[in-house]
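*Asks:* structure for the following, please:
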Amino acid sequence: MPKPCRPHHRFAALVLSATALIGLSACAGRQGQPASSPSGGGSGSMAEALRYVETAESALNSGDRDAALAAFAAAIEENPRIARAHMGMTEIYKERQQWPEAEVSARRWVELEPRNYDARYAHGYILHQLSRLVEAIREYRQALIIQPNSPEANLNVATAYLQLGQAVEALPFAERAAQLQPNHGPSRANLGVIYAAVGNHEKAVLNYQAAMELMEPSPELTLNLVESLRHLQRYPEMINAVEALIRMKPSPAAYERLGYAAFKLRDYGQSESAYRSALGLDPDYYPAMNGLAVNLLNDYIRSERTDGAARQEALALLRRSLQIARDQPRIVELLSRYGQ
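*Replies:* Numbers count the residues shown, from 1 in each chain. Purely as a prediction, here's the structure:
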């Protein structure tokens, strides 16, 4: 996962859109080989099992999911090799977000129809929801062998790799998903996250901006854009993006980033004000403590070391920051330098 570098104004961890499984679509869209009903090897009557399946599908059409589940189960009891019944149970459990039950049904469906794209994709999606990421990737990649140009499978395998911290492996799938759906906002956002994770912030910014034009910008997406602009030292654009973020959702992290960008542009008044706004929202937000302390120490230096009040406030903030987060060598060094 991408991590911000640590300037003396320490940033909080970068929020990733992916942590929300940005690429997951609700269903595979009935692509690939249609589900069939194998007739060989069953322990019961296929004709009777099909009658149960037809009853289940009729119940589905009328909105009675419980009756449909019961009829699908009866079909499977009659003949466990009837793929349509496993498919139907998979879809109902998935719709209800009963993921363990859905996984069992999808796995049995895949066993019966290993070359069915829908079965493979559904199983991968369900495993993804269960956070069984390595298994989900394996199923998504099997789905891609059947349909290499599936946008949702390319997008989701990239998302799963990213969640495992394997951005390099994620990148070709994310690029393919965006090529297949250039006007799909989540695909462009995911690609931006992955470019940022591999250190290509120029391309990350381009994809974040494209995503923002294609869908409603979220605070997470905007914060990611801010972070990549910081890496590129494009501070005026960073300020514009942070101000949009604050209008959308004020937060300590947003104000802290505004303080950092303003400091880099030598607008020390705006920087100090932003850091104080961050602490007004969360008095224990130590990255803002650090940023405000650096501003105050600069005030102390510019006063030719006569502004004792600024120095004392800065030292108090640095001590408090270390109480909250001890592993901050830079803060220890500042305390040692100015605390004498």
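*Asks:* pull the helix or strand with minimum mean pLDDT from this protein.
*Replies:* Ranked by mean pLDDT, DSSP states H and E, the weakest helix or strand in the chain is helix 46-61, scoring a mean of 87.
*Asks:* quick one: buried residues of it?
*Replies:* 46, 49, 50, 52, 53, 55, 56, 57, 59, 60 (16 or more other CB atoms under 10 Å). In short, each C-beta sits where N, CA and C put it, glycine included.
*Asks:* could you provide those residues in TSV, with additional columns for distance to residue 266?
*Replies:* Below are these laid out as TSV (distance: CB to CB, whole Å):
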residue	distance to residue 266
46	79
49	76
50	76
52	75
53	72
55	75
56	70
57	69
59	69
60	65
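*Asks:* re the thing from before, ok, then the element right after the least confident helix or strand of the chain?
*Replies:* The helix or strand immediately downstream of helix 46-61 is helix 65-78, counting by DSSP states H and E.
*Asks:* now for that next one, which elements pack on it?
*Replies:* Counting contacts by 3 or more CB pairs under 8 Å, 6 or more residues apart in numbering; DSSP states H and E, helix 65-78 packs against helix 46-61, helix 83-95.
*Asks:* name the helix or strand for residue 280, please.
*Replies:* Following DSSP H and E, one finds residue 280 within helix 268-281.
*Asks:* what residues sit buried inside whatever helix or strand comes next after that helix?
*Replies:* Downstream of helix 268-281, the next assigned helix or strand under DSSP H and E is helix 286-302. Neighbour counts over helix 286-302 (16+ other CB under 10 Å) mark 286-300 as buried.
*Asks:* which ones are touching the residue lying closest to residue 129 once chain neighbours are set aside?
*Replies:* Spatially, and ignoring its direct neighbours in sequence, residue 129 is nearest to residue 99 (5.0 Å; CB to CB, 6 or more residues apart in numbering). By CB atoms under 8 Å, 6 or more residues apart in numbering, the contact list for residue 99 reads 93, 126, 129, 130.
*Asks:* quickly find the element holding the closest residue to the first one other than its chain neighbours.
*Replies:* Put plainly, it is residue 93. Spatial nearest neighbour of residue 93, chain neighbours left out: residue 102 (3.6 Å); criterion: CB to CB, 6+ apart. Following DSSP H and E, one finds residue 102 within helix 99-112.
*Asks:* what angle do that helix and helix 83-95 make?
*Replies:* Put simply, helix 99-112 runs at 150 degrees to helix 83-95, going by axes from the mean of the first three to the mean of the last three CA atoms, to 10 degrees.
*Asks:* show the subsequent helix or strand relative to helix 99-112.
*Replies:* Remark: after helix 99-112, the chain's next helix or strand is helix 117-129, criterion DSSP H and E.
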